[in-house]
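**Student:** A predicted structure for the sequence below; I have some questions about it.
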Amino acid sequence: MIIDLLWLIFGAATFIQVIYFLFVYGKLSYFYQDKSESTADHNQEGVTVVIAAHNEAENLQKLIPLLFQQNYPAFEVLIINDRSYDDTRFLLEQMMKEYPMLRTVTIEYTPEHVTAKKYALTLGIKVAKYDVLLLTDADCLPVSENWIKRMTHPIRNGKKTFSLGYGGYGKGKGFLNALIQFETWFTAIQYFSFALWKAPFMGVGRNLAYRRTYFMDHKAFKDLWHILGGDDDLYVNRHAKKHNTAVVIHPEGITESIPKKTFKEYYVQKTRHYQAGKYYKTSDKAKIGLYAISHLFFWATAIALISITQKWEPIAVIVSIIVTRALLQFSIFNNAIKKIEGQKKVLWTMFFDLMYLSYFWIIGAKGYLSKTVRWK
């Protein structure tokens, strides 16, 4: 009886996993973009690049000169100096002399019951010169001089309100970096694929564009002030719709951040990300959760059946299904990442799939229950 139940659960979980790989995530993997549509750039209205920075002098010293190498005719860079006590103020004062289109807003304090980054972004957005906003973080670098052009194209020329981009992490050695790469790719595959299915549910603040007028008219952080984090994914989750959102799938449209060096730093970062997820719309939590639960049941029941089954024939069937799923995942992930980054081959997807399963439920549960996560 127990074995029959395990087989039933294993079969259902396998079916759901295949549906997600072929039809949901396959939307990005087999995505075709009309080249003429993606390069037509008739409207070149101004863009404000918005960056909230807290004690980021070292990163800003690298980022600001790179931003002013962007191949775009009209843009400004707005740095929000959020309560910094390092050399940020001095650095910005010096750089504004060199770069006339660099502007700053200084935040001296954050009011109680208001999260720091949302407050900083709101004050900065209020004084932005241009209506098209492109947001990133101080530790992010655009990988191309056409980043502004690519990321804002759907807003300027496609009449969209939101443009969702990919924010990757620098490649390095070691297991932690490999895990970070896999998790970042998988997250991007999720939110890109659902957006392509006209069901956007999140974006990342490392690479996100939207209209200032929409932000101001809708009081965008209304009802979000008390939530730690969520200035990017929750804002998109509340306001992005099928008709007003586009994704930027091009190697020139991505940013690259500095990855965490220790498991402790990574744990804190992911706890903060998962903490915001509990405030997603119920429908969005359901479509993410269905994959996560079927993923858990697939591996749990497969391992249980192999452990208690005495005959080699059913074990061979289970192993064959596991291998088939692994090959399907390998194909879907590699095609998707090639679309996003231009060229990439991801090896050992099944191994990191198991690692992802472990930390998703451990860190995810911690983040869901946590009330003490902070930005900085």
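**Tutor:** Nice, thanks for sending it over. Numbers count the residues shown, from 1 in each chain.

**Student:** any chance you could map the strands in this protein?
**Tutor:** Listed in chain order, the strands of the chain (DSSP state E) span residues 47-53, 75-82, 102-107, 132-135, 140-142, 162-164, 167-169, 208-211, 245-247, 255-257.

**Student:** So which of those strands is nearest residue 326?
**Tutor:** Comparison of the strands of the chain against residue 326 by CB to CB identifies strand 167-169 as nearest, at 23.8 Å. To be clear about C-beta, it is placed using only N, CA and C from the backbone, and glycine gets the same treatment.

**Student:** partner strands of the closest one, parallel or antiparallel?
**Tutor:** strand 255-257 (parallel) (DSSP bridges).

**Student:** what separates the strand it pairs with from the chain centre, distance-wise?
**Tutor:** Strand 255-257 has its average C-alpha position 11 Å from the chain's average C-alpha position, going by CA atoms, centre = their mean, to the nearest Å.

**Student:** sorry, back to before: switch the strands of the chain over to a markdown table; also include distance to residue 276 and mean neighbour count.
**Tutor:** A markdown table is the format used below for those (distance: least, CB to CB, whole Å; neighbours: other CB atoms under 10 Å):
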| stretch | distance to residue 276 | mean neighbour count |
| --- | --- | --- |
| strand 47-53 | 16 | 26 |
| strand 75-82 | 19 | 23 |
| strand 102-107 | 21 | 18 |
| strand 132-135 | 16 | 26 |
| strand 140-142 | 19 | 22 |
| strand 162-164 | 16 | 26 |
| strand 167-169 | 16 | 21 |
| strand 208-211 | 14 | 25 |
| strand 245-247 | 18 | 23 |
| strand 255-257 | 18 | 21 |
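
**Student:** of all these, which lies closest to residue 25?
**Tutor:** For residue 25, the closest of the strands of the chain is strand 245-247, at 13.6 Å, according to CB to CB.

**Student:** Of all the strands of the chain, which one is nearest residue 329?
**Tutor:** Closest approach to residue 329 among the strands of the chain is made by strand 167-169 (19.7 Å; CB to CB).

**Student:** How about residues contacting the closest one?
**Tutor:** Residues external to strand 167-169 that are found in contact with it (CB atoms under 8 Å, 6 or more residues apart in numbering): 136, 140, 177, 180-181, 184, 204-207, 254-259, 341.

**Student:** Repeat that for stretch 181-191.
**Tutor:** 25, 28-29, 164, 166-169, 171, 200-204, 270, 288, 332-333, 336-337, 340, 346, 349, 352, 355-356, 359.
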